[in-house]
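Peer 1: With the input below, show me the fold.
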Amino acid sequence: MHDDRALVEARLKRVLDERIRPAVYPESVPLEVAVWHAPGEPVPVAEGLAAAGQPIEVGARWGAPWGTSWFTVTGTVPERWAGRTVEAVLDLGFDENMPGFQCEGLVYRADGSPVKGLNPRNQWVRVGAPVAGGEEVRLHIEAASNPVILDYHPFLPTQLGDKETAGSEPQYRLARMDLAVFDETVWQLVIDLEVLGELMAELAQDSARRYDILRAVDAALDALDLQDIGGTAAAARNRLAGVLAAPAVPSAHRISAVGHAHIDSAWLWPLRETVRKVARTTSNMTALLDDEPDFVFAMSQAQQWAWVKEHRPEVWARVKKAVAEGRFVPAGGMWVESDTNMPGSEAMARQFVHGKRFFLDEFGIENDEAWLPDTFGFAAGLPQIIKAAGSKYLLTQKISWSQTNRFPHHTFLWEGIDGTRIFTHFPPVDTYNCSMKGSELAHAQKNFKDKGVARHSLAPTGWGDGGGGTTREMVAKAARVRDLEGSPTVVWETPSEFFAKAEAEYPDPAVWVGELYLELHRATLTSQAATKQGNRRSEHLLREAELWAATAAVRTGFPYPYQELDRIWKTVLLHQFHDILPGSSIAWVHREARATYARLAAELEGIISGAQRALAGEGGLELVFNAAPHERFGVAAGGAAVAAVGGGTAVTARAQGGFVLNNGLLRVEIDAGGLVVAAYDIEADRETIAPGQAANLLQLHADFPNMWDAWDVDEFYRHTVTDLTDADEVAAGADGVSVRVVRSFGASRVTQVLTLAPGERRLVIDTAADWHETEKFLKLAFPLDVHAERYASETQFGHVHRPTHTNTSWEAAKFEACNHRFVHLEEPGFGVALVNDSTYGHDVTRTVRADGGTTTTVRASLLRAPRFPDPETDQGVHRFRHALVPGAGIAEAVREGWRINLPERRLAGGREVAPLVGVDRDAVVITAVKLADDGSGDVVVRFHEAHGGRARATLTAGFDVTTVTATDLLERPLPGPHPSADGTRIPVTLRPFQLMTLRLARA
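Peer 2: Model (predicted):
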C-alpha cells in the first residue's frame, strides 16, 4: 500500500482549520454594544452595572493600559433559531495564544449575578439550549485592558509594567460581539478529530494503530460535505466511532487529571488585578462544574480564596456550593504558593498555619498535600515543616525546568535536613497548564521515570499563570482518552485521590536527600533588593512583636494584638509569593511592596514600643532589650537588663597606607584602597584572609542572561569581572571604632563603614550603594585562607551543606545558591562565618595557591540591574549589613546571624525583664514565643536544634506552668507522650535539626 500518511495529515489540518472549526458557529447576528470606561482603578460591580455607556463598534480600539471598561451587549435571538443552541461570542480583541496574559472579562447579568469569565480560550456565553426564539439578551462585561508584558519577542524592556509609566494608548481592538448558533455536533467532531490527530502524531510511524486512525480520519473527511459541514458532521463522526472505542492496553500509563488554574498572585499584573483574575477563573470553573459531572477542580492559595470571599461575595456563594459538593477542592494548605528558598523558618511555618486554618475554618477541610507547581526550587528544611503542619505530600513540576541535569525520579521520598521524608510527585507532563493535547499526554507517558514500579501520574489541567482554568474542550478531550488505545488513560480526580493511589502502588519509592535545587532562575535570590530587605525585616519585627507583646501580656496585662498580628502575618506571607519575593514581577508590584513593608514596619515598631514600655516601666535605667535567641552583653535571650560592655578598640594608621583596627580579639588591616588585607584572630593566632588577597572586595560583572532577565544569571557572567579597588576616600570614623570607604564607578557610588566594636569577634561592614547601573551584577568578595570541601548555609530550622568543588555537573550547576542569615565554612580547628541582614544569593569557590594552601572565596550577591520585567530594577539607594566572623564554629555562625538581624533596643525604664521562656543550651534556638492563636492565653514556644547534633536542654518558663502539650504548627495536640513540667522547668531532647512546638498552659 502506498504511504499517503503526510497527505492525509495535511488534509486533516486544512479542513479542520478552514472548514470544520468555522462551522461550529454557522449563523450569527451582531449584538449592540455600549461601553463605559471607568476612571482610575476598578469600581464596585454595582457602579459598573449602573454606568451609562456610549455606543462602540466592532473594530474600535479600547482600553488604556490597566484600565477597566464596562461593556453592555444587547440583542434579540432570531425567531428562526427556535429549538437550537445559541451562545454569545464575545471577543474583546483576544490573541488565543495568550490566555491570562492580555485582556480579560467577567460577564454579569443585569441583576449583578456573575455568569463566567472571558479570556482568549473562553469567549462564549451560553444564552439557551434550546432557545424559543425572540429572547432578549442583555449582558454586562467588566473588561480589564491589561497590557501584554511578555510578548512574542519576549524580555524586551517596557514601561507598561506600572500604571504610572504605561501611558493611555488603547491596547485592544474590539473583534467580535455576536449572537451565534452553536452546532454541538460539529463541535464534537472538532474534538474527535483533534484527539485522533494529536494521538496519531505521537504514535510510531510503523504502528498499526497509527494507520487505523489514519484510515478512519480519511474516511471521516470523505463523509463531509465541505459546503454543508453541519449536515454531514454526524456521518463523519460515525466513521470515527470505531477507533475512538478501542480500549487502552492494560499497561497504559494512568493519569489523574486535576482541573487547575495556576494564578500567580502577582507577576505581570498587580495584586489588585489578581483579585479579579481569581473571580473570573472561579466563575468559569463553577459554571463548568455545573455542565460537566465528571469534572473536578482544585485551587490552592488560601489568600486567593479569601479575596473572592472579601471582594466578590456573589462569586463566593457559588464557590462554597461547589466545595460542599466535593468537586471544587481546596489544595495545598498554604497562604500562597510561596518561594521556599528565602522565607525564614517561622514564616515558612506560618504559610501552612494560615493556609490550612483558612480551609479548616471555612470548609472543615484539611489538606494533606503541599501544592507548589511553579516555585523556584525547594529548601531542604521544608519536609519537616510540611510534616509539622499535619501534611504528608508535595507536588511540583518546576524542577523539570532545570537546564543541566535531569532529575531521576517523578515519584519519590524527599528527605530533609532532619531526616523527615515526604512522599513527593513531579508530574511527568512537565507543565502545570496541561490542555489534554496528545503531545502532552504522550510526553507524560514516555517521560515517566518510574516505569516498572509505578504507573500513576498527575496532570494539572487548565490555562494558568494568569488564570483561566480548564475549558470545555479539555474536558471533552479527557472523556475521549479515558480509555483509548495508544493513549494514557485519563480520569478526573482530586489531589488526595491521586496521592492515595500513587502511595499505595509504590510503597517503597526512591529517596532524594537534601534540597531540590532548580538549575535555573538563580538570580531571583538577588533581584529587587528592597523587596527582599522588606521581607527579612518584617520577619524579624514580627518575632519581636510577638515576643514582647506576649511577655507584656503575661507580666502586665498588656492587650495582646491578635488581630493586628494575624493581618500583618498574612500580608508578609502574601509578599513571599514566588514572583514577589524573588523579584520577578513588574515595577508596579515592587513599588507597592516597598510601601507595604514600610507601613508594616511602622505598625510593628508601634507594637514593640508599646509592649517594651509596659515591661520597662518608668525609671532611669538604660535597659537593653535582647530579642535574639542567645545572651548578649550579659542580657538574657528574650529579656531586658543593663548591659555590660567591656574593652575598647584602637584605630591606628597603617604603615603602607590605610588603617588598623584592633580590639584585642581581632586585628583588621584596611589598605589605602579600603580593602581588608588582614583579619587576624589574636586568640587563635590565625590569619583569616588568604595570602596576597583582599576581602571586602566589590566585584562588578556584566549580567545579560540568555532569557528571563530578572530570574536568571547564566554561568558565563563569571567570564568578565571588574574589581572595584579604587577608592575616593578612606578615612577613620569619628566614633573611634570604624573606617569609612567611598568608591565611585560607572554612574554609581558605594559608601562603606567597617566597624570593629569593643569586645566583639566580628568585623561589621555597612554598605550603602547608590546604584544606577544597567545589566550589571555586584558582588562582595571574601577570599579566605580556609581549606573546606563543603560549607554550610542557613535554611529553615537548620542549615544545609553544599560542596565547594565542582566534581560533577550537579555541583557545578549550583554556582549561585541561597543562604538565610549566614554562610559558614571551616577546616578542623578553625572556621569563618559571613553573616548578613538582608541578602540571600551567594557563591563559594575554591582554588589552590602556589604555596599549596587553599583559598575558599565567599561572595555575597548585592545588586542586579535587569531590565525586564521592571526596566528600573534596583535603581536607587540600598543599604546592607554584613559581618565577617573569624574563628567561628557553627555555633557562632548561628548566634551572629541572629544578632545582626535583631539588633538590641535601648530604652530607659525602672525594672529589668526576665525572659518569658528561656533555654539553657545555645544549640536549641527559640524561633517564636507568642500567645496561642485561639485566645486562650496559653504561651506557645517553638524551637529547634540548630547545630546539627543531638541536644538535651531545659526550657524555663517565667510563669507557673500547669500542663505542657507538644503540638503541630497549628497548635493542635500531637499524639503523646508530651514533655512534662517540673514547676517552671521543662526538659526536652532533640534530634539534629528537630523542630518542636510546645503549648504551655498558665496557672
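
Peer 1: isn't Ile682 right up against Leu666?
Peer 2: Yes - between Ile682 and Leu666 there is a contact at 6.6 Å, judged by CB atoms under 8 Å. (Each C-beta comes from the backbone N, C-alpha and C, glycine too.)

Peer 1: Which of the two has more residues huddled nearby?
Peer 2: Leu666 (24 against 15; other CB atoms under 10 Å).

Peer 1: what's the neighbour count on Val89?
Peer 2: Residues near Val89, counting by other CB under 10 Å: 18.

Peer 1: what's the closest non-adjacent residue to His978?
Peer 2: Distance criterion CB to CB, 6 or more residues apart in numbering; nearest residue to His978, sequence neighbours excluded, is Ala966 at 4.8 Å.

Peer 1: so that neighbour sits right up against Ser980, yeah?
Peer 2: No - Ala966 lies out of contact with Ser980 (CB under 8 Å); the separation is 10.8 Å.

Peer 1: Would you point out which residue is most central in this structure?
Peer 2: Against the mean C-alpha coordinate of the chain, by CA atoms, centre = their mean, the closest residue is His578 at 2.0 Å.

Peer 1: What are the phi and psi values at that one?
Peer 2: For His578, the backbone dihedrals (degrees, to the nearest 10) come out as phi -80, psi 10.

Peer 1: can you list the residues that contact the host helix or strand of Ala444?
Peer 2: Here Ala444 sits within helix 438-447, counting by DSSP states H and E. For helix 438-447, contacts defined as CB atoms under 8 Å, 6 or more residues apart in numbering pick out 195, 197-202, 252-253, 255, 410, 427-431, 434, 457, 459, 481, 487-488, 490.

Peer 1: if we go to 6 Å?
Peer 2: Glu198, Leu199, Glu202, His253, Pro428, Val429, Cys434, Ser457, Ser487, Pro488 (CB atoms under 6 Å, 6 or more residues apart in numbering).

Peer 1: Follow the chain on from it and name the next helix or strand.
Peer 2: strand 456-461.

Peer 1: ok and that next one relative to helix 438-447, angle-wise?
Peer 2: 150 degrees (axes from the mean of the first three to the mean of the last three CA atoms, to 10 degrees).

Peer 1: I'd like the average pLDDT over strand 456-461.
Peer 2: Averaged over strand 456-461, pLDDT sits at 98.

Peer 1: and what of stretch 84-95?
Peer 2: For stretch 84-95, the per-residue pLDDT averages 98.

Peer 1: who's more crowded, Ala966 and Ser980?
Peer 2: Ala966 (16 against 11).

Peer 1: name the helices or strands packed onto the host helix or strand of the more buried one?
Peer 2: If you go by DSSP H and E, Ala966 is part of strand 961-967. When contacts are defined as 3 or more CB pairs under 6 Å, 6 or more residues apart in numbering; DSSP states H and E, strand 961-967 sits against strand 995-1002.

Peer 1: Which helix in this structure has the most residues?
Peer 2: Identified as the longest helix of the chain according to DSSP state H is helix 587-616.

Peer 1: just how off-centre is it within its chain?
Peer 2: Chain-centre distance of helix 587-616: 23 Å, with CA atoms, centre = their mean, to the nearest Å.

Peer 1: And that helix, what's buried?
Peer 2: Within helix 587-616, the residues scored as buried using 16 or more other CB atoms under 10 Å are 587-593, 596-597, 600, 603-604, 607-608, 610-616.

Peer 1: Same question for stretch 899-912.
Peer 2: Applying a neighbour-count criterion of 16+ other CB under 10 Å, the buried positions in stretch 899-912 are Arg899, Ile900, Asn901, Leu902, Glu904, Arg905, Gly909, Glu912.

Peer 1: Kindly report the same for stretch 383-397.
Peer 2: For stretch 383-397, the neighbour count (16+ other CB under 10 Å) marks 383-397 as buried.

Peer 1: show me where the stretch 151-300 of the chain has strands.
Peer 2: Taking DSSP state E, counting those that start in this stretch, the strands of the stretch 151-300 of the chain run over residues 172-173, 176-181, 254-259, 297-299.

Peer 1: Apart from its neighbours in sequence, what residue is nearest Val941?
Peer 2: With CB to CB, 6+ apart, the residue lying closest to Val941 is Val917, at 4.8 Å.

Peer 1: next one: Ala650
Peer 2: Asn662 (4.9 Å).

Peer 1: unless I'm mixing things up, the one you found is touching Val651, no?
Peer 2: No - using CB atoms under 6 Å, Asn662 makes no contact with Val651, being 8.2 Å away.

Peer 1: what angle do the strand holding Ala966 and strand 995-1002 make?
Peer 2: With the same axes, to 10 degrees applied, the angle from strand 961-967 to strand 995-1002 works out at 150 degrees.

Peer 1: got the contact list for strand 961-967?
Peer 2: Residues outside strand 961-967 that contact it (CB under 6 Å, 6+ apart) are Pro973, Leu974, His978, Pro979, Ala981, Ile986, Thr997, Leu998, Arg999, Leu1000, Ala1001, Ala1003.

Peer 1: Could you work out the most separated pair of those?
Peer 2: Leu974 and Ala1003 (22.8 Å; CB to CB).

Peer 1: Look at those two and report which has more neighbours.
Peer 2: Leu974 (14 against 8).

Peer 1: partners of the closest residue to that one other than its chain neighbours in the sheet?
Peer 2: Once flanking residues are discounted, Leu974 sits nearest to Ala966: 4.9 Å by CB to CB, 6+ apart. For Ala966, the beta-bridge partners under DSSP bridges are Leu998.

Peer 1: Use 52 as the first number for this chain going forward.
Peer 2: Understood, numbering begins at 52; the last thing we discussed is Ala1017.

Peer 1: The stretch 552-701 of the chain: helices as residue ranges?
Peer 2: According to DSSP state H, counting those that start in this stretch, the stretch 552-701 of the chain carries its helices in the segments 580-607, 613-625, 638-667.

Peer 1: neighbours around Glu780, how many?
Peer 2: Glu780 - counted by other CB under 10 Å - has 11 other residues nearby.

Peer 1: What pLDDT does the model give it?
Peer 2: For Glu780, pLDDT reads 98.

Peer 1: if we can go back for a sec, let me know the closest of the buried residues of stretch 434-448 to Pro546.
Peer 2: Leu446 (6.9 Å).

Peer 1: Contact partners for that closest one?
Peer 2: If a contact means CB under 6 Å, 6+ apart, then Leu446 has Glu420, Trp422, His476 as its contacts.

Peer 1: ChimeraX command for the buried members of those?
Peer 2: Those of the contacts of Leu446 that count as buried under 16+ other CB under 10 Å are selected in ChimeraX with:
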select :420,422,476
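
Peer 1: Let's see which of the contacts of Leu446 end up in strands.
Peer 2: Using DSSP state E, the subset of the contacts of Leu446 located in strands is Glu420, Trp422, His476.

Peer 1: and the last one, bridged to which residues?
Peer 2: Residues in a beta bridge with His476, per DSSP bridges, are Leu446, Thr462.

Peer 1: Against Gly988, how distant is the residue nearest to Leu1025?
Peer 2: 19 Å (CB to CB, to the nearest Å).

Peer 1: residue ranges for the strands of the stretch 352-501 of the chain, please.
Peer 2: Using DSSP E, counting those that start in this stretch, strands in the stretch 352-501 of the chain cover 379-381, 420-422, 444-446, 462-466, 472-476.

Peer 1: can you redo those strands as TSV with distance to Glu215 and mean pLDDT?
Peer 2: TSV is the format used below for those (distance: least, CB to CB, whole Å; pLDDT from 0 to 100):
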stretch	distance to Glu215	mean pLDDT
strand 379-381	36	98
strand 420-422	34	98
strand 444-446	38	98
strand 462-466	43	98
strand 472-476	42	98
